[in-house]
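Participant: my questions concern the predicted model and sequence given below.
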There are 2 protein chains.
Amino acid sequence: MKKRVITISREFGSGGRSIGKALAERLGLAYYDKELVKQVAIESGFDPGYVEEHGEHAPSKSRFAYSLGVPGTPGVMRGMSSSDFLWSVQRDVILKLADKEPCLIVGRCADFILKDRDDCLHVFIHADPAFRADRIVRLYGESEQSPEKRLADKDQKRKINYQHFTQQEWGMSQNYHLSLNSGVIGVDRCVDLIAELFTRLNADEEA
Amino acid sequence: MKKRVITISREFGSGGRSIGKALAERLGLAYYDKELVKQVAIESGFDPGYVEEHGEHAPSKSRFAYSLGVPGTPGVMRGMSSSDFLWSVQRDVILKLADKEPCLIVGRCADFILKDRDDCLHVFIHADPAFRADRIVRLYGESEQSPEKRLADKDQKRKINYQHFTQQEWGMSQNYHLSLNSGVIGVDRCVDLIAELFTRLNADEEA
């Protein structure tokens, strides 16, 4: 089946977002990063403050609460933790985006949410800590925390978040079709490699 | 730094070995799969039966024994388990092969053994169980065990072996520069993709 959606999961500072943006532009795909997914969730009728507060938090409650029911509106929680609830909203948004148009989605466990579709290419971008530390200081500047501590905190948060919602291990090769070390391969070469693969897979499907 | 060595780690039935063989031929690299590494170990003076018996076994003793000393000859065990001992022999063989000539090495934790060299490209090949089950029946025929059971047994063995000797998790993207799902990407396309990347990385280094 032809591929029409690319998901990019990434370690903080690996350049995954930049790779995603460049790829979407080159391949003519609509681009949704985590901010845009959040925006769509808000446009669907959710309170911006609520989404802002809970969208990036590692979950604080067990999956037990999740099994108690899926509410139809923000007011109906039925035992769900707030992060579980936001997860279900964002999950619906991502499923609808993939249905709506050819697109590229960065983050938000999109690889897992879309894993049963045959028209998606799932990519993971990672890099060695030294490469990422250097990159976040160049891009986002210094902060009170050392870059190494910032990487460790963010990675840990994404890891816990991913494990909670997917019950899979974050970063396992088997969750993705393609995993690349952007430090060794180079950010631009990652873009070339993924774009060429996407184009070839679709050309061979047409042939 | 220019890349002169490729290591291929792979799930059983994913086509990693075929990919490695085709790549070595295309790129003009010496080819060493696990059988050849074993052969070199034997040529170094080890008993073929011993290597055969212990080379593929998951370790049965804790790492504690390993810390008691590295023997110089097969007769001196100094508390090492036999699998730990064979590991150290194979490790030496792999380090020497990488020093000796541009080459491609399949299996035997070569990614970990060579992780501190900058001239290696580390690749992991995996695929969905259905693709692999179909492939092993076509390549190796039926057996008493179901193909699913054969996959699970072999994966489990490689996983335990890798974890024991490397203290890393087998299949984690971060252990490799490039991880590919050969079922989705296709075995031939994996060869093209890795060969092109290897050539480009080296061409850019020369430029």
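Facilitator: Okay, I see it.
Participant: what helix or strand is A:I125 on?
Facilitator: Assigned by DSSP states H and E, A:I125 belongs to strand A:120-126.
Participant: how distant is that strand from the center of its chain?
Facilitator: 9 Å (CA atoms, centre = their mean, to the nearest Å).
Participant: return the residues of chain A in contact with chain B.
Facilitator: A:121, A:124, A:126, A:169, A:171-174, A:176-181, A:184-186, A:189, A:193, A:196-197, A:200-201, A:204 (CB under 8 Å from any CB of the partner chain). To be clear about C-beta, it is placed using only N, CA and C from the backbone, and glycine gets the same treatment.
Participant: for the strand holding A:I125, what is the average pLDDT?
Facilitator: For strand A:120-126, mean pLDDT is 97.
Participant: what's the answer for stretch A:13-25, then?
Facilitator: For stretch A:13-25, the per-residue pLDDT averages 96.
Participant: next: stretch A:161-173.
Facilitator: On average, stretch A:161-173 scores 91.
Participant: restrict it to CA atoms and write it as CSV.
Facilitator: Coordinates of each C-alpha in stretch A:161-173 appear next as CSV, following Å, rounded to 0.1, in the frame of the first residue of the first chain:
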residue,chain,number,x,y,z
ASN,A,161,4.7,9.0,28.9
TYR,A,162,5.2,6.6,26.0
GLN,A,163,5.3,3.5,28.2
HIS,A,164,2.2,4.5,30.1
PHE,A,165,0.1,5.1,27.0
THR,A,166,1.5,2.4,24.6
GLN,A,167,2.8,-0.2,27.0
GLN,A,168,5.7,-0.4,24.7
GLU,A,169,9.3,0.7,25.3
TRP,A,170,10.2,4.1,23.9
GLY,A,171,13.1,3.9,21.4
MET,A,172,12.8,0.1,20.6
SER,A,173,13.7,-0.4,16.9
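Participant: which of the residues in that stretch are buried?
Facilitator: Across stretch A:161-173, burial judged by 16 or more other CB atoms under 10 Å in any protein chain shown covers A:161-162, A:164-165, A:170-173.
Participant: what does that stretch rub up against?
Facilitator: A:9, A:11, A:58-59, A:63, A:83, A:87, A:109, A:112, A:124, A:126, A:158-159, A:175, A:179, B:124, B:126, B:169, B:171-174, B:176, B:179 (CB atoms under 8 Å, 6 or more residues apart in numbering or on different chains).
Participant: centroid-nearest residue for chain A?
Facilitator: In chain A, the residue lying closest to the centroid (CA atoms, centre = their mean) is A:G107, at 1.0 Å.
Participant: tell me who's in contact with that one.
Facilitator: A:8-10, A:33-34, A:37 are the contacts of A:G107 under CB under 8 Å, 6+ apart.
Participant: please pull up the helix or strand immediately following the lowest-mean-pLDDT helix or strand in chain A.
Facilitator: When each helix and strand of chain A is scored by mean pLDDT, DSSP states H and E, helix A:48-54 comes last, with a mean of 66. Scanning forward in sequence from helix A:48-54 by DSSP H and E, the next helix or strand is helix A:82-100.
Participant: which strands or helices does the helix or strand just after that following helix pack on?
Facilitator: Note on helix A:82-100: by DSSP H and E, the next helix or strand toward the C-terminus is strand A:103-106. With contacts defined as 3 or more CB pairs under 8 Å, 6 or more residues apart in numbering or on different chains; DSSP states H and E, strand A:103-106 has these neighbours: strand A:5-10, helix A:16-27, strand A:30-32, helix A:82-100.
Participant: what does the pLDDT read for A:L114?
Facilitator: For A:L114, the predicted pLDDT is 96.
Participant: pull the contacting residues for it.
Facilitator: Per CB under 8 Å, 6+ apart, neighbours of A:L114: A:5, A:7, A:94-95, A:98, A:105, A:120, A:122.
Participant: kindly provide the distance from it to chain B.
Facilitator: Distance, A:L114 to chain B, using CB to the nearest CB, to the nearest Å: 13 Å.
Participant: any chance of the backbone angles for that residue?
Facilitator: phi -110, psi 20 (degrees, to the nearest 10).
Participant: ok, now A:K3?
Facilitator: The phi/psi pair for A:K3 (degrees, to the nearest 10) is phi -90, psi 130.
Participant: in contact with it, which residues?
Facilitator: Counting by CB under 8 Å, 6+ apart, A:K3 has contacts A:119-121, A:198, A:201-202.
Participant: try it again with 10 Å
Facilitator: A:27, A:102, A:117-121, A:177, A:197-199, A:201-202, A:205, B:184 (CB atoms under 10 Å, 6 or more residues apart in numbering or on different chains).
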